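Visitor: Give me a 3D structure for the following:
(2 chains)
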Amino acid sequence: MFENVTSDVHEKRSSRNFGTAICLGAFIVLLFALTAVKVQQLGGPQEGFDHVVRPQMLPVEGE
Amino acid sequence: MTDASLHIAPRDYEPTFGDYFALLKPRVMSLVVFTALVGMLAAPASLHWVEAFAAILFIAVGAGASGALNMWWDADIDAVMRRTASRPIPSGRVSDEAARNIGIALSLLSVMMLGLTANWLAGGLLAFTIFFYAVIYSMWLKRSTPQNIVIGGAAGAFPPMIGWVAVTGSVSIDAVLMFAIIFLWTPPHFWALALFMRADYDDAGVPMLTVTHGRRATRTHILVYTVIVAVFALAAAFTSMGGPVYLAVAVIANAIWLRDAVRVWRRDETDAEADDFKVEKGFFKFSLLYLFLHFGAIWAEAVLPAGAWGGW
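Guide: This next block holds a predicted model:
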């Protein structure tokens, strides 16, 4: 009897935790997708910074 | 034993995810999603589909958050009304503190995310809507004036305007008309409900028009509001979101609803009780279809090719 009650409580908690995890996971995916869209909307070529100075990053002389 | 006590959960009840989700009033949320989506589609611009999806989601979450705050504040009223006694708080499935905390957290999250996703005017309107429903309507008007439904209806009328603003960044006459249709539709919709659910509102001490001004006055109010909403609904046909499809739908739907309103107005309580409020229930049921038809027609105008059936 006691075991049944406990397992029922655990089952409900686990379903609650699972639902919360799904919501958080979906929120993270949505934030990532939104970020990608917003960055694309900035226009122009996008490139990551890899901590190495490249010639195109240096100011052009005379400008 | 009262009806309400039949719904009470045991003291050691462990809430499920569904119990918390029920705090957000999913049926109201689905209506909010529909009207906000129509507001977005009718707008003369567009968002990236990811932004549009996110904006609709956060508008719906904001509506759900205000629903949770409403349930937290109105738990005492809900407990004595048959229609609401099985809600999560009065039935003991969720604590009132949990409902309040979820409502506040989701309010902040939805407003912030809508502001970042679309624009801050849309985020501000969502914040105002939540404040209006939770504070102005639930905490103040609902228990103090028979005009509670009239003014409180604004909360449900904002979603299509927020959808429009999320896309365009500004408010226009079209957005105001969509707001007006829902705002003016809400009182007759709820007054019809109050006519045939009268014991509920009497027991809860909510000053509905039926209680404070009598049922004859309520029937007259229903007719007057139905006439006013018809004017606004038909006027919307001649804006940029209207067109021949919308005009045809609006003419037919308003003719039917006005006919039903006249029938409700002409009846007295003896007639109504004799057939168990058949006409009042019919008016209430058609009111749901009425709103769906109007916003469905605005949607149709937005997706139909221009020059054929879409727009003028």
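Visitor: What residues does chain A have near chain B?
Guide: With CB under 8 Å from any CB of the partner chain as the criterion, chain A meets chain B at residues A:8-9, A:12-13, A:15-16, A:18-20, A:30, A:33-34, A:36-37, A:41. Using the backbone N, CA and C atoms, a C-beta is placed for each residue, glycine as well.
Visitor: Whichever of the residues you listed end up buried, select them in PyMOL.
Guide: Selection command for PyMOL covering only the buried members of the residues of chain A next to chain B, criterion 16 or more other CB atoms under 10 Å in any protein chain shown:
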select buried, chain A and resi 12+16+30+33+34+37
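Visitor: Show me the residues of chain A next to chain B that map onto strands.
Guide: Judged by DSSP state E, the residues of chain A next to chain B include no members of strands.
Visitor: okay, who's weakest in the residues of chain A next to chain B by pLDDT?
Guide: When these are compared on pLDDT, A:Asp8 comes out lowest, with 81.
Visitor: leaving aside the residues next to it on the chain, what's closest to that one?
Guide: Nearest residue to A:Asp8, sequence neighbours excluded (CB to CB, 6 or more residues apart in numbering or on different chains): B:Glu14, at 7.5 Å.
Visitor: Could you verify my assumption that that neighbour touches A:Ser7?
Guide: No - assessed by CB atoms under 8 Å, B:Glu14 is found out of contact with A:Ser7, at 11.3 Å.
Visitor: Which of those two has more residues huddled nearby?
Guide: Neighbours per residue, other CB atoms under 10 Å in any protein chain shown: of B:Glu14 and A:Ser7, the larger number sits with B:Glu14, 17 against 10.
Visitor: is it true that that one lies in a helix?
Guide: No - in this structure, B:Glu14 is coil, not part of a helix, as judged by DSSP: H, G, I helix; E, B strand; the rest coil.
Visitor: Any figure for the gap between it and A:Ser15?
Guide: Relative to A:Ser15, B:Glu14 is positioned 10 Å away (CB to CB, to the nearest Å).
Visitor: What are the phi and psi values at B:Asp74?
Guide: Here is the backbone geometry of B:Asp74 (degrees, to the nearest 10): phi -100, psi 20.
Visitor: give me the number of residues near it?
Guide: Applying other CB under 10 Å, we find 21 other residues in the vicinity of B:Asp74.
Visitor: Next up, the contacts around the residue of chain A found nearest chain B.
Guide: Per CB to the nearest CB, the residue of chain A with the smallest distance to chain B is A:Gly19, at 3.2 Å. Applying CB atoms under 8 Å, 6 or more residues apart in numbering or on different chains to A:Gly19 gives the contacts B:Phe17, B:Phe21.
Visitor: Can you list the low-confidence ranges for the stretch 51-200 of chain B?
Guide: Within the stretch 51-200 of chain B, the stretches with pLDDT under 70 are B:199.
Visitor: Do a quick rundown of the strands in it.
Guide: Assigned strands in the stretch 51-200 of chain B: none (criterion: DSSP state E, counting those that start in this stretch).
Visitor: which residue packs closest to B:Ser287, ignoring adjacent ones?
Guide: Nearest residue to B:Ser287, sequence neighbours excluded (CB to CB, 6+ apart): B:His189, at 4.4 Å.
Visitor: can you check B:Leu289 too?
Guide: Spatially, and ignoring its direct neighbours in sequence, B:Leu289 is nearest to B:Ala253 (7.7 Å; CB to CB, 6+ apart).
Visitor: List the buried residues of stretch B:194-210.
Guide: Using 16+ other CB under 10 Å as the test for burial, stretch B:194-210 gives B:194-198, B:200-201, B:204, B:206-210.
Visitor: what two of those are the furthest from one another?
Guide: Pairwise distances across the buried residues of stretch B:194-210 (CB to CB) peak at 18.2 Å, for the pair B:Phe196 and B:Pro207.
Visitor: pLDDT at residue 7, what is it?
Guide: In the absence of a named chain, this looks at chain A. Per-residue pLDDT puts A:Ser7 at 82.
Visitor: Switch to chain B, please.
Guide: Reported pLDDT for B:His7: 60.
Visitor: next one: A:Met1
Guide: As predicted, A:Met1 sits at a pLDDT of 52.
Visitor: What residues does residue 13 make contact with?
Guide: Assuming you mean chain A. B:Glu14.
Visitor: nope, chain B please
Guide: Residues counted as contacts of B:Tyr13 (CB under 8 Å, 6+ apart) are B:Gly92, B:Arg93.
Visitor: Can you list phi and psi of it for me?
Guide: Here is the backbone geometry of B:Tyr13 (degrees, to the nearest 10): phi -60, psi 130.
Visitor: go on, B:Pro90?
Guide: phi -60, psi -30.
Visitor: how close does the residue lying closest to it once chain neighbours are set aside get to chain A?
Guide: With CB to CB, 6+ apart as the criterion, B:Pro90 has its nearest non-adjacent residue at 3.8 Å, and that residue is B:Ala79. According to CB to the nearest CB, to the nearest Å, B:Ala79 stands 23 Å off from chain A.
Visitor: so B:Ala79 makes contact with B:Gly92?
Guide: No - look at B:Ala79 against B:Gly92 with CB under 8 Å: they stay out of range, at 9.8 Å.
Visitor: is stretch B:107-125 up against chain A anywhere?
Guide: Yes - against chain A, stretch B:107-125 shows contacts by CB under 8 Å from any CB at B:Leu116, B:Thr117.
Visitor: Please identify the buried residues of that stretch?
Guide: Using 16+ other CB under 10 Å as the test for burial, stretch B:107-125 gives B:107, B:110-111, B:113-115, B:117-119, B:121-123, B:125.
Visitor: what's near enough to touch residue 33?
Guide: Picking chain A for this. Contacts for A:Ala33 (CB under 8 Å, 6+ apart) come out as B:Val50, B:Ala54.
Visitor: if you could check chain B rather than the one you did, that'd help
Guide: Residues in contact with B:Val33 (CB under 8 Å, 6+ apart) are B:Ile56, B:Ile59, B:Ala60.
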